[in-house]
Structure formats: structure tokens, C-alpha cells
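1. Here you go, sequence then predicted model.
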Amino acid sequence: MSEAGEVPFDQLPPEERLFRQRHSAAHVLAEAVLEMFPETKYAIGPPVENGFYYDFDLPRPLTPDDLVTLEARMRVSVERDLAITGEQIPKASAREIFRDQPYKLELIEGIEDETVGHFRHGDFQDLCRGGHTESTGQLGAFMLDRVAGAYWRGDEKNPMLQRVYGLLFATQEELDAFLVMRVEAEKRDHRRLGRELDLFHIDPIAPGSPFWHPKGTVLYNGLVEYIRELYEEYGYQEVITPQIFGVDLWKTSGHYQNFSEDMFLFHSGDEELGVKPMNCPGHCHYFASGHHSYRELPMRLAEFSRLHRNERSGVLHGLTRVRSFAQDDAHIYCTPEQFESEVFTLFGLIERIYSELSLGQPEIRLGTRPAKFAGNPEDWVEMERLLGDAVTNAGKTFTVSPGEGAFYGPKLEFHFKDAIGRSWQLGTVQVDMAMPAAFGLTYVGEDGAEHRPMMLHRAILGSLERFLGVYTEHTGGHFPLWLAPVQAVLIPIADRHIEYAQSVRGRLRERGLRVEVDESGERMGAKIRKAQLQRVPYMLVIGDREQEAGAAAVRDRTGDDLGAMPVFQIIDRMVDERDNRSVQAMV
RNA sequence: GCCGCUGUAGCUCAGAGGUAGAGCAGCUGUUUCGUAAACAGCAGGUCGUGGGUUCAAUUCCCACCGGCGGCUCCA
């Protein structure tokens, strides 16, 4: 049977064609690898975003030169335009065909049906559920991209295979456009912009622990200030709890049992201590330290303290995966009656913040009950439903990540992509069905009796470090005025204008604007270029004419020359833009 | 942690078995200039760290550390 039998390949919808091209390209890649290394054990090779990959167990590591060779062999297969055919065959036949292929045999055993899919082109054959082009001549524009390691079946207990990634698009133009886009995206990489804009650096003396430079610290504090303002409006109270606790606290919370490998634990005298990796146990301990009336609930405790997690070395990544960070963290304690409305209000706050920061739509995931969990399954189902409702009631959609909840409860995750398309979790909302009981939390209800409060964990920006990493890439370093480390640079055309520029700087600073005068001996063009590369929102050029008129010539970072404006008008404009947290002037 | 790659000045990079160079940035001087780079000079590196091979290692080999791309993990 020709798989595209019902509908000819060229009449399929474009996405389906692309999917099949990528899938078939994976087969052609495997064919080339088997040709080059006949002893190859091949595993799986699906289509993915932007292309395809295939996993192999090979006698030696592949080199970039090998990829060139393999790609050339693939093109031979394309040139020959071999028919790709498939059929269902009995498992017994498949076992015979793949008798020397342990990974295929394992896959066959995992298939429930009596028959399995078997596809071939030329001399190549594969175990495959199908979804292919009619022939190897229909692959579109492709290239092999890189080779990486990947565990068989994604389990680190299994052997590591070599994964060859390929890119594939319908046309050469689209492939070229993708490559250009990728190069452009690298220019927005927060690790690069962090250096160019003098925001932060990370030194081998403290892996995964950023040094925030003065300009990065302005961003950092600006975000905290923004969130603090919202906390007032939304009824949060900020606390500061200890950095280091005796391990009893972590044993009570369950983190010692679940995460001690990733905690910084140490001994001091006879005591074992741990640096806090999260704030929740501290907040629970605070709650437990006093008596609370139902009148105090909901109690929303916020904290920006520094947290440390001893992340495994291979996972560190710029600002997006670090060992030292702070969250816009909060824990909400409330009565069961208040719980649903708390979740819904919280969802509204999250939406508001992402919208005000112009972040675009997050991908929302609902993490459900994992293998190791606290509480009873019925409560999990109920809480999973509640979280899902909060999303759908707001007119949003989510996907379910089965088993991805925290050990103490289900969670919503808000994911955003970085410059090159990697997805990072920023915000999260987590129901906690374990800690209130573990810490023996109670409040006195209207009835005079003691009750157990409900508990929510939530962070909206997530970690400030990760947020700033993603946000730097999102904006390309063009931060909105209210966050921009330097909001305007005054550019005197000649030295005789410096004094006037300094007086203008004074007037702007009086209004709390972050302004500098470029007093260097450079020409105006060089000063403008420098300010432009630093993404300074406004360049205020001052020469004889402006000095005469008590004005400055305003240029914004889009390159627009807004002409000369009186200084008071510039101030009004900037203060207005700042106080509205406007993103209008972002590029 | 695992697989692969990688590490030369603050940054981007060149270089070679005989102890290192460019551009930008920095500093000094000259220039005083109208919307993305004025000119000149100076200074700056035990070539990631530790071993080994060698008459000689920054260059070759090994280990470790960091970084990059994935995988796994992410309270």
C-alpha cells in the first residue's frame, strides 16, 4: 500500500506535507547512517519543530565532517527518488526483520497491537507508524544541523545515544530564512546583551550565580518595585525569613527527602543546616508561630529573598537556569471557602502583569499528580479541575502535563520562549495539600474551633533572574522607559555646551529620571551611535540653537528625530511615559 | 550528572613545538564637530588550572574547572 494512497502528497495540507517530509527525511538520514556504519543500532526518528532527528547507537562519536558526508548520502537517496512504502506486518515478522536491532525489538514489545507498521524505501526499512511522503524525492529543503547526546527513551538510566538533528522546510527560501532568523536571534541572546549592555556577568568563581552590575540592578530593583506596588493593591504582606535553617525545617516540609541532592547542606558544630532553596517552609513556620483568626485570612505572604539550589552542572544556562536567584514569591493561606476566589483573582493578576509587560501570550500547562505525591487522589482531581477552570474561565487554554505536578499538589505553569525558541517557565501557581498539615497550621474559625487553612504557592515573574533573561531577549534590550537603566543621554555637540547639558541633567534628575551627559571628546555622531547601541530610549542633543532656546533636540532609539523641544516638555513627556509604564516607545 | 564541542587581552578573533598579534573597548594628547564610528600615541596576556611527553609546551597527551549545544532534572 502506498501510504498517501487516499490523497496524493501534493494535495495534502501544507502542515501535513511538511510533517511527512520531516518524517521521511529522518528515514533517509537513518539510511545514510546505516550505509556509513553498518553496525549501527538505530532507535527512533520523529519529525520535530523546524526539522527532524534520529537517534543512533554508533561505534564512534560523529564529527561535523561526518554530517557533511551523511548529508551528501541523503541527497543521493533524494536524487534516486525511491518509493516509500509501508504496510502492517505481524509482530513475529517484525521481530525477525529487526532481530539485530535491540531498540527496535524493545519498541515492538511496547506496541499493543498484533501487527506493527513497517516502512521501506530502497534497501532501508524501519519500524514506523507512518506519515510519509510518497518518495524520497519529495523531501523539500533540508540540511543536517548538529549532533547531540540523548538518552534512549529519555531515561538517564538508559544508554546515551547520538542524536542527529536536521532542519527541513518546504522550500530553500524558507530554510534560508530560518537560518537568517537564527543568526538574528543570537544577537538578542541575553548572555550577549548582558555583556554588551553591562547588565551582569557570571564568573567561574561562582558558577550559576550572576554578578548584577549597576545597570542590571536598576532593572532588577525596578521589577521588584513594580511588583511591590501591585502587592499593596492586591493585599499582600511582605516578609523576610532566614536564609539558613536547621534541616528539621526541610524534613518537615518534605524537601529534605525529595531534594537534598540539590540543596546546599552543611554542618556547623553538631548541627546540620541548609541554605534555603525556597521560601514556603519559612512562611509556614511563620504562620505556625502565632495564633490566627479567620479574620486574618486570606493571608498573602510575599518574599523576594535570595534562594540557592545546587543545580547539576550541566543544566546551568545564563540567567535562565542559575544556582542563586530570587523569586517574586508568595504563599497564600486561606479558608476553603475563599480558595476558589483566591485562585481566580491570582489568575487575573498574572494576566495583568504579563499584559503590562507586553510579554505576549504564555503557553499554560497544568501539571497533574506525579508518581510520588502527598494527600489523597480525590483531592488532587478536585484541585486539578479548579486550576483548569481558572484558566478556561479567563478565556485561555492550557495543555495537561501528566505527572508534572509538585509532590505537594498540582500546578499551573506559564511558559515563554527565549530568542531561539527554547521554552522557559516563568510564573507558576501551585496548590499545596501537604505543608499546612505537615506544619500543623491552624486558624480559629467563626465557630471558635481550629481549622486547617488551604495553601497556594505562586510566583509570577518566576525568578527575577530568569525573567530578566527572557525579557532581555523578548525586548532585544529595548527595555521600556520605566525600566531602562539609563533613560536619556544628553549629547552636547561641543564642549561649550556641557555646562548647559549638566543643568538640563539636573532638571531631569529632580524628577527622578535616570539621565547622563556624554562629556567625552567624541563627535556627536559617535555619541549617538554609542547611546543607540546601549538602547537608551532618548538622546537629547544640545548645540547652540538648543542652548539659546532652553531646549534639546530629541531623538528616540527608533532613530526618529522628534525635533527640538523645550526642556519642560521633554520632562513631561518622559515622566508621563515612565509613570504609565508605557511600552509605546519600545522598539 | 550524561554525550559532543570548546577555552589566547575587558570584547570579537588570528597565530605557531623555539615563551604571542589585530580590531574594538580603555588611558593620554590633539580636534569642538548637527543625528550610527575624528586622528595620533600609550598601555594591556604566567595563552582556563594542574600534571605528563620533549633540549624546549601556550601549541602534543591526560585530568580537572568553566563555557556552548543537546539529554535528563527543575521543589
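-> In hand now; what should we look at?

2. Please list all residues in contact with the residue lying closest to A:G440 once chain neighbours are set aside.
-> Closest residue to A:G440 apart from its sequence neighbours, by C-beta to C-beta, 6 or more residues apart in numbering: A:A288 at 6.2 Å. Just so you know, the C-beta spots here come from the backbone N, C-alpha and C atoms, and that holds for glycine as well. Contacts of A:A288 were listed using C-beta atoms under 8 Å, 6 or more residues apart in numbering, and they are A:F439, A:G440, A:L441.

3. Need the three-state assignment for A:R369.
-> coil (DSSP: H, G, I helix; E, B strand; the rest coil).

4. Contact residues of the stretch 101-250 of chain A facing RNA strand B?
-> Residues of the stretch 101-250 of chain A lying close to RNA strand B (C-beta under 7 Å from any atom of the strand) are A:146-151, A:154-156, A:160, A:162-163, A:191, A:195, A:202, A:204, A:207-208.

5. If we use 10 Å, what do you get?
-> With the criterion set to C-beta under 10 Å from any atom of the strand, the stretch 101-250 of chain A comes near RNA strand B through A:145-165, A:186, A:189-192, A:195-196, A:198, A:201-209, A:250.

6. Just list the residues touching A:D328, thanks.
-> A:L223, A:V224, A:I227, A:A302, A:F304, A:A459, A:I460, A:L461, A:G462, A:L464.

7. A:E238 against A:S305, yeah?
-> No. Using C-beta atoms under 8 Å, A:E238 makes no contact with A:S305, being 10.1 Å away.

8. one step back: out of the contacts of A:D328, list just those in strands.
-> Among the contacts of A:D328, the members found in strands (DSSP state E) are A:A302, A:A459, A:I460, A:L461, A:G462.

9. Quick check, pLDDT for the nearest residue to the fourth one once chain neighbours are set aside.
-> What it means is A:L461. In this structure, A:L461 finds its nearest non-sequential neighbour in A:F467, 4.0 Å apart by C-beta to C-beta, 6+ apart. Listed pLDDT for A:F467 reads 98.

10. The helix or strand hosting A:F467 vs RNA strand B: in contact?
-> Take DSSP states H and E as the rule and A:F467 turns out to sit in helix A:464-475. Yes. Using C-beta under 10 Å from any atom of the strand, helix A:464-475 reaches RNA strand B at A:R466.

11. Nearest residue to A:L513 in space, ignoring adjacent ones along the chain?
-> A:Q487 (5.3 Å).

12. Could you check how many residues crowd around that neighbour?
-> 22 (other C-beta atoms under 10 Å).

13. doesn't A:E516 make contact with it?
-> No. Applying C-beta under 8 Å, one finds A:Q487 not in contact with A:E516, separated by 9.3 Å.

14. hang on, the earlier thing: ok, of the contacts of A:D328, which one's closest to RNA strand B?
-> Taking C-beta to the nearest atom of the strand as the measure, RNA strand B lies nearest A:A459 of the contacts of A:D328, at 8.9 Å.

15. Identify the bridge partners of the closest one.
-> A:A459 forms beta bridges with A:D329, A:T428, as assigned by DSSP bridges.

16. how about stretch A:279-292 as PDB, C-alpha atoms only?
-> What follows is stretch A:279-292, C-alpha atoms only, in PDB (Å, rounded to 0.1, in the frame of the first residue of the first chain):
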ATOM      1  CA  ASN A 279      10.500  30.300  50.900                       C
ATOM      2  CA  CYS A 280       7.500  28.100  51.600                       C
ATOM      3  CA  PRO A 281       8.700  26.300  54.700                       C
ATOM      4  CA  GLY A 282       9.800  29.600  56.200                       C
ATOM      5  CA  HIS A 283       6.400  31.100  55.500                       C
ATOM      6  CA  CYS A 284       4.700  28.000  57.000                       C
ATOM      7  CA  HIS A 285       6.900  28.300  60.000                       C
ATOM      8  CA  TYR A 286       6.000  31.900  60.400                       C
ATOM      9  CA  PHE A 287       2.300  31.100  60.100                       C
ATOM     10  CA  ALA A 288       2.600  28.400  62.700                       C
ATOM     11  CA  SER A 289       4.400  30.700  65.100                       C
ATOM     12  CA  GLY A 290       1.300  32.600  66.100                       C
ATOM     13  CA  HIS A 291      -2.400  32.200  66.500                       C
ATOM     14  CA  HIS A 292      -4.500  33.300  63.600                       C
END
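
17. Restrict the ones in strands among the contacts of A:D328 to those that also contact RNA strand B, please.
-> The subset of those within reach of RNA strand B, by C-beta under 10 Å from any atom of the strand, is A:A459.
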